[in-house]
Each structure stands twice: as structure tokens, then as C-alpha cells.
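In: sequence and predicted structure below; questions after.
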Amino acid sequence: ITLDSPKKLLRIKQSLTLSVQISGGNTAPREYSFRWWTSAGTITKIDPGNKATFIAPDRKCSAEIGVEVKDKNNTTYTQTLSILVYKQVGMLKADDVITTSAGAMPPRWETFFDYMTQKHTKVCIGLVGNSLEHGITTYIERLKELSRLEYFEIFNHGYDHVLDKIDENGKLYSEFYNTPWEQQRDHLLKTQTLIKDKLAITAHTFGAPGNAIDSNTTKAMEAVADLKIWLYGNATPAKLVLTSRGLIETSTGHPDYNAFLKKYDPTVDYYVFQIHPNGFTPESLETFKKILDYLIQQEVTFLLPYEYYTLSLPTLLPAEIALSRTKFNFGSDTDGRCTPQQTLRIENKGEDVLNWAVSCDSPWITVEPSSGTGSAAVNISVNPTGQTAGTYHGTITVTDPRAVNSPQTANIDLVVYNANTTNPPFGSFDTPGVDAVVSGSIPVTGWTLDDIGVKQIKIYTNQTLIGEGTFVEGTRPDIETAFPDK
């Protein structure tokens, strides 16, 4: 059974409807009995029992909700999930992580990181991408360490932080304002790549320097699939746009407690509070601490943007790995000829997104790329250098710990022939048939196989070239079955 919820985040006293999905056999709800429970709030079964209404309590908590399903044979199935109940959500947006002139982490940032860790309070930190190009090892390692802690999320804060410049025509521009959309997209992608390559993580959130954006930024954001959340962004159905601004600073790096109290509204569903810790003096840091303590006293639930995003999504059916093929044949000879690369297609089944990795158990097998998300194509090639004549067997394995059917494997067979011992290619014409009389433009179909590979097919009539064949993969399962080693 699968327990579905429209989201896993709910404000106090609000309600939602949960449902049970039963797979296999007779799935008519009245063929089963259902028992629901919750650790907080109330839950009421909806006849015939496969749905229930949950009402959150009047306090923040994590409510554990469960259902027990019993079939006519008294076989029992149980499933649970957690709903985070909140009074108000707060997201701290700390901008402008850059290096010192020496490429190190600035001391004020270190002070801030240490304090937030001690407070066990979550904060997303805006990383300027080009800092990863000249940051020294300790800077990179510190960011890696922060990314592994539950209190921090690193977000894409652009590549070069160009802000409020004047071009040769007197026009005001910033990195994401009054610049071509292709340039904005490239800056987003450049920082995404740097974060992935240097820190081994994927950034899911974006906030522009100075929040200076235009309609081109919307187009650029929609072109970057990994970015799911846009802080202070333009409305677009392609992203979760968080626009509810909470006031902490009255100017960059200067928190103001009285101004904060004047603007703060405890009835607002969520706030994104923007701060600039690298501008905090000892005095302004103390003011920030005072504001943070006040929010904690108000029982604000601090979340990271990507955490908020995932909790706001419906429960997804788990991902499954589907492979286009489970066997690949390669051939080579001692003269250096070899089957060219072949393609394995990984298909993302289910509703959740695959985060897959591919490994090989033999050094003569190469796969590219070796990891990715969602559906993708992987190129498989072999290197027979150093292998004597004979048959070799290997396996590639596709894994995702969250996929219900992980791992999945494909067998790789390599036959190495001595020079000049391979068989000639063979095959058959299927259409037109033998003795058929045809005219005009006609389709010519058939198949051909070779020990190493077929590079080209040329079609002649009366020694006159009339066309070339086109390879179409996967269209002849009958031939694959008849010749499993080719």
C-alpha cells in the first residue's frame, strides 16, 4: 500500500485529506478494512475507509499519521508518514558568500556559520559562483562541510554579482537585469556547474544579486531544470516563487530591531528574511541575534527553501529504474577494429525523480555519463587493448537508493578475434520480396549483422547505387532473439 498526502507541511488548525493506494489484486476499497491514527491533531475516516481527513493541532509539532489495511484473509499492511505542523515558516536568506582577497572564507562569515550551528537554526546561503574559481582549498572544504550539515543550504546567487552598473549607452544594468536572457541563463548554468564540480552538490534555489531581475530572468530560470525555487522572483508556474519578504535589515548588513518589530506580522504564513552577514559588525550581529531569539520565541519553524519545496509537494509514487536493454554485444580483433559505442537508455518510471549512478565491474568497460537525474541516455564503449583472443563478460549496474527496484543491471559481452578470423557480415532483404515487381519510390527494409559491427549499408541494382540504409535500433526483437550473441 501507498499512503498519499497532498503535502507534508500544514499550518496549525488546517486540514488535508489523505488516501491509501492499494496495488495488485482486487483494489476495491470495500474489500478491505482500514484503521487510521495520528500522534497529534485528529483524523477522521471517510467511508469506505481508504481516505481520511487530518486536522492539525493548535501547536507546532511533527504529527505521525498511520493507516492499517486488512484484507479478507486478515493479512495486514501498515504505512505511516509525517506531517510537519507549523505556526509560521521562516526562511533566512543570507546573501553574498565570496572569498577574501586571499581566497579564504571571510572571518565574519565564519562567525555567522558558527553561531547558526550553535543555535541549530537553518539558513540558506547565497554563493557567488566565481568565488569557486579562485577560492583556496580551505574555502572549498568549508563550503563542502556546511553543505553536509542539516542547517545550511547553498543557493545559486549568480556568477559575478554585477550590480547597478552603467553601460556605454547610459543604461543601468545588473547581472540579471537589462541583460540578454541567454547571458543570464549562461550565468545560472555556470554557477550550477561550479557548485556541482567543486562541492559535489546540486543547487536547487536561486536568488539574484540585489534582487535585480527582469522578464529575461524568468526565461533564463525556466531553462535551468535543477533550479526549483526562486527567492523574490517573478511569477512563473515552472518554479516555486517565494515572495513574502520579512524585514530584518534596513540597509545592507544593518539589522534594525525596532523596524523589524514594526513590520513583523505573526499571522503571515511564511517569511523569507534577507540578511548580509559579511557586513555584520559585532554590534549588528548582536541585533540579529536579538531578532532571531524573538522569532524563536514566536515558535517560528525555520526551514531551508528546498526543504520547504519538497514538503509542499504531494507524496510521489517512488521512482523505478527502467533500462532499454539488458544485454550488449561488442566485438573486436587484434588489428584494432572494435564495435563503436552503444546507447543504454535509462527511463524514469514512477513519479519521483531518479538520481541514478552507473558503475562497471570490468576495467575495459566505459560508461558516460556515470550519473544523472531523471531519464537519460548512457553511452557504453569498450577498450579491448591488451585483451587476447577470447570472450569476456562484464556488467554495468544502475543504482538509486530511493528507487524501488534498485539496482538494475545490463550484461556486456566482448568477443576478441584474432586478426582476419571474423566472419563476413550477413543478413536479409525483407521488402521488396523475392521476384516482386516494383516501380517508383519504395521502402527497402531488412537486417544485417557482423561479428564487430556494420558501418554502412549501400543498396545497388544492376551495379548502380540507388541508396544507403539507415539503422533503426530496437525494431527487430526477432533478430535479437535469433542471434543473441551479435
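Out: Arrived safely, thanks for sending.
In: give me the low-pLDDT residue ranges for the stretch 351-486 of the chain?
Out: The stretch 351-486 of the chain contains residues with pLDDT under 70 at 474.
In: show me the strands in it, by range?
Out: 355-360, 365-368, 371-373, 376-382, 390-399, 408-417, 426-431, 445-449, 458-461, 464-468 (DSSP state E, counting those that start in this stretch).
In: reformat these as TSV; add mean neighbour count.
Out: Bear in mind the C-beta positions are built from the backbone N, C-alpha and C, glycine included. Below are those laid out as TSV (neighbours: other C-beta atoms under 10 Å):
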stretch	mean neighbour count
strand 355-360	18
strand 365-368	16
strand 371-373	15
strand 376-382	18
strand 390-399	16
strand 408-417	19
strand 426-431	12
strand 445-449	16
strand 458-461	10
strand 464-468	9
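In: can I get those in a markdown table with distance to T191?
Out: As requested, the strands of the stretch 351-486 of the chain are arranged in a markdown table below (distance: least, C-beta to C-beta, whole Å):
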| stretch | distance to T191 |
| --- | --- |
| strand 355-360 | 20 |
| strand 365-368 | 24 |
| strand 371-373 | 18 |
| strand 376-382 | 22 |
| strand 390-399 | 28 |
| strand 408-417 | 33 |
| strand 426-431 | 51 |
| strand 445-449 | 48 |
| strand 458-461 | 49 |
| strand 464-468 | 45 |
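In: nearest to E347, out of those?
Out: Evaluated over the strands of the stretch 351-486 of the chain, closeness to E347 peaks at strand 376-382, with 8.9 Å, by C-beta to C-beta.
In: from the contact counts, what lies against the closest one?
Out: strand 327-333, strand 342-349, strand 365-368, strand 408-417 (3 or more C-beta pairs under 8 Å, 6 or more residues apart in numbering; DSSP states H and E).
In: try it again at 6 Å.
Out: strand 342-349, strand 365-368 (3 or more C-beta pairs under 6 Å, 6 or more residues apart in numbering; DSSP states H and E).
In: is it possible to get JSON lines of those strands that adds distance to W37?
Out: Listed next are these as JSON lines, based on distance: least, C-beta to C-beta, whole Å:
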{"stretch": "strand 342-349", "distance to W37": "32"}
{"stretch": "strand 365-368", "distance to W37": "47"}
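In: ok, which of the ones you listed comes nearest F483?
Out: The nearest among these, by C-beta to C-beta, is strand 342-349 at 15.6 Å.
In: just the buried positions in the closest one, please.
Out: Residues 342, 344, 346, 348-349 are the ones in strand 342-349 that count as buried (16 or more other C-beta atoms under 10 Å).
In: of all the strands of the stretch 351-486 of the chain, which lies closest to D214?
Out: Of those, nearest to D214 by C-beta to C-beta is strand 371-373, at 29.0 Å.
In: contacting residues for A482?
Out: Residues in contact with A482 (C-beta atoms under 6 Å, 6 or more residues apart in numbering): none are found.
In: that one and R476, how far apart?
Out: 9 Å (C-beta to C-beta, to the nearest Å).
In: cool, T385 as well?
Out: 31 Å.
In: of the two, who's got more company?
Out: R476 (15 against 9; other C-beta atoms under 10 Å).
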